[in-house]
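Turn this into a model:
(one chain, ligands or ions: 2)
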Amino acid sequence: MFYRIKQFFQTFVAKLEKKDYDFINFYLNSKEKELFYKLNKADQYHSLKVARQVIDRSVKEGCYDILLVKAALLHDVGKINSGLNVLTKSIMVILDRMFSRQLRKVKKIKFIKYYYDHPKIAVQYLYPTDEYLLFLIENHHNYNINDKKLKLLQECDCKN
Ligand SMILES: [Fe+2]
Ligand SMILES: [Fe+2]
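Numbering: from 1, shown residues only. Ligands and ions are numbered 1, 2, ... in the order given. Next up is the predicted model:
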């Protein structure tokens, strides 16, 4: 809950600085950057925080991989133009707890569809690219796969 409140306020102060642009330029190619900058500011900010934490932890745990950092920056690009914002996202978090199975079938309401399908949509935007990058992004909300780097991405995603 505290994390949700923090995230809510973060969206109002989210602003990128020179060091962030340098970071993005270092890790992403021009097509990837174009996608990244189409994310709303709050999601850009979130993705940068995930990426920085992924670097810290992967270095410590001996599994640093440039693809993991790219995945952290790009994992939510499927949310571009999704209608998902702080408000609709908060609604979805609550509704998902109660009606997950039924809601997954609702494809006509844009923000509901994107809430569940954004990993797959991101893959469509990025294809063709490295298979492992696509794997990490497509599965960033699939908690049943045992892959060390994927698990690390998921943990950092959930904390930021
Ligand atoms: Fe996501
Ligand atoms: Fe995320």
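
Quote the end-to-end distance of stretch 67-83.
By CA to CA, to the nearest Å, the extent of stretch 67-83 from end to end equals 28 Å.

Write out the residues of this structure neighbouring ligand 2.
76, 157 (CB under 5 Å from the ion). Glycine gets a C-beta too; all of them are placed from N, C-alpha and C.

Just give me the longest helix of the chain.
Within the chain, and with DSSP state H defining each element, the longest helix by residue count is helix 41-60.

Make sure residue 78 is actually in contact with residue 125.
Yes. The pair residue 78 and residue 125 qualifies as a contact (CB atoms under 8 Å) at a distance of 6.9 Å.

ok so, going back, any buried residues in the longest helix of the chain, and which?
For helix 41-60, the neighbour count (16 or more other CB atoms under 10 Å) marks 42-55, 57-58 as buried.

higher neighbour count, residue 78 and residue 125?
Ranked by neighbour count (other CB atoms under 10 Å), residue 78 and residue 125 place residue 78 first, with 24 against 17.

quick one, what contacts residue 74?
Residues near residue 74 by CB atoms under 8 Å, 6 or more residues apart in numbering: 28, 32, 35, 36, 47, 122, 126, 133, 137.

Name the residue most distant from the centre of the chain?
residue 102 (23.6 Å; CA atoms, centre = their mean).

Now do it, the pLDDT please.
pLDDT for residue 102: 96.

And the one 3 residues further on, by the same measure?
Each residue has a pLDDT score; the one for residue 105 is 95.

SS state for it?
At residue 105 the chain is in coil, as set by DSSP: H, G, I helix; E, B strand; the rest coil.

Show me what secondary structure element comes after the longest helix of the chain.
Following helix 41-60 in sequence order, the next helix or strand is helix 66-74 (DSSP states H and E).

what's the angle between that next one and helix 41-60?
160 degrees (axes from the mean of the first three to the mean of the last three CA atoms, to 10 degrees).

So for helix 66-74, what gets flagged as buried?
Residues of helix 66-74 classed as buried: 67, 68, 69, 70, 71, 72, 73, 74 (neighbour count, 16+ other CB under 10 Å).
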